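Colleague: Generate coordinates for the sequence data below:
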Amino acid sequence: MSKYLYRATTIFTMVLVFSSCNQAEEAQVAMDRKDTFFSLEKFFEAEGKRLQSASIALDKEIRINDKEEQQLIKEVDYSREFSMFSKADINRPAWSNKYSADSTQQDGALQIKYTSLDPELKTQELFVVMNKEGGVEKIDIVSQTETALAGNKSWMTYEPASGYLIKTQQKNRTAETLNIEIKGSFVGL
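Modeller: Residues are numbered from 1 along each chain as shown. Next up, the predicted model:
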């Protein structure tokens, strides 16, 4: 791993530290069980296993402000790659009244949007799109955190057929603003 990619990964990990089957049926079953909302943690655990077993490589681009690096990763630790998505999971019984849920169904496809009612929660929006067969087509997440030293806002998109995009803006109180963009494209699908 190059020195720049190592530094970029370290910075991104610091951002994370400061941030402290049929999917449609699973969503319905979750509502019937004690699961309150769509479980990002369970979904990304299953996705990691799916991609790992299919030996899918990852073409990863990292851009921090104006510096960019790209690398093809053949042996991918998808649990690590998806950690930011998994950490945005809102499926906690204690948060059942902290999010509003709105769903629409169009031509058999299901769209579910969860919106935070509490501006202090990390995950502010979660949008899940499922196709007619119940498979997840797309997940969009907006999250934010505030510390005494920095404020972070992240926009994350995941598409099982192609990969993911994470954009984070870190406004530091004592240093320049960092704009971080990480794009992971699946190779071999």
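Colleague: Tell me the spacing between the spatially most central residue of the chain and Y99.
Modeller: By C-alpha atoms, centre = their mean, the chain has its centre lying nearest to F85, at 2.7 Å. For F85, the distance to Y99 (C-beta to C-beta, to the nearest Å) stands at 17 Å. Any C-beta I mention is one placed from the backbone N, CA and C, and that applies to glycine too.
Colleague: Can you check what pLDDT the model gives G48?
Modeller: Predicted confidence (pLDDT) at G48: the value is 96.
Colleague: That one should be in a helix, yeah?
Modeller: Yes: G48 forms part of a helix when assessed by DSSP: H, G, I helix; E, B strand; the rest coil.
Colleague: give me the low-pLDDT residue ranges for the chain?
Modeller: Counting by pLDDT under 70, the ranges of the chain that qualify are 1-35, 189.
Colleague: quick one: the strands in it?
Modeller: Using DSSP state E, the strands of the chain run over 57-64, 67-73, 99-106, 109-116, 123-130, 136-146, 150-159, 163-172, 178-187.
Colleague: what residues does the third one touch?
Modeller: Strand 99-106 is contacted from outside by 37, 90, 110-117, 126, using C-beta atoms under 8 Å, 6 or more residues apart in numbering.
Colleague: Go through the strands of the chain and pick out the most buried.
Modeller: strand 123-130 (a mean of 21; mean count of other C-beta atoms under 10 Å).
Colleague: what angle sits between that strand and strand 136-146?
Modeller: Here strand 123-130 runs at an angle of 180 degrees relative to strand 136-146 (axes from the mean of the first three to the mean of the last three C-alpha atoms, to 10 degrees).
Colleague: tell me what strand 123-130 is packed against?
Modeller: helix 23-32, strand 109-116, strand 136-146 (3 or more C-beta pairs under 8 Å, 6 or more residues apart in numbering; DSSP states H and E).
Colleague: Span of stretch 80-91 from start to end?
Modeller: Using C-alpha to C-alpha, to the nearest Å, one end of stretch 80-91 lies 20 Å from the other.
Colleague: actually stretch 52-68, sorry about that
Modeller: 26 Å.
Colleague: so which of the contacts of strand 99-106 comes closest to D59?
Modeller: Top of the list for closeness to D59, among the contacts of strand 99-106 and by C-beta to C-beta, is L126 at 26.1 Å.
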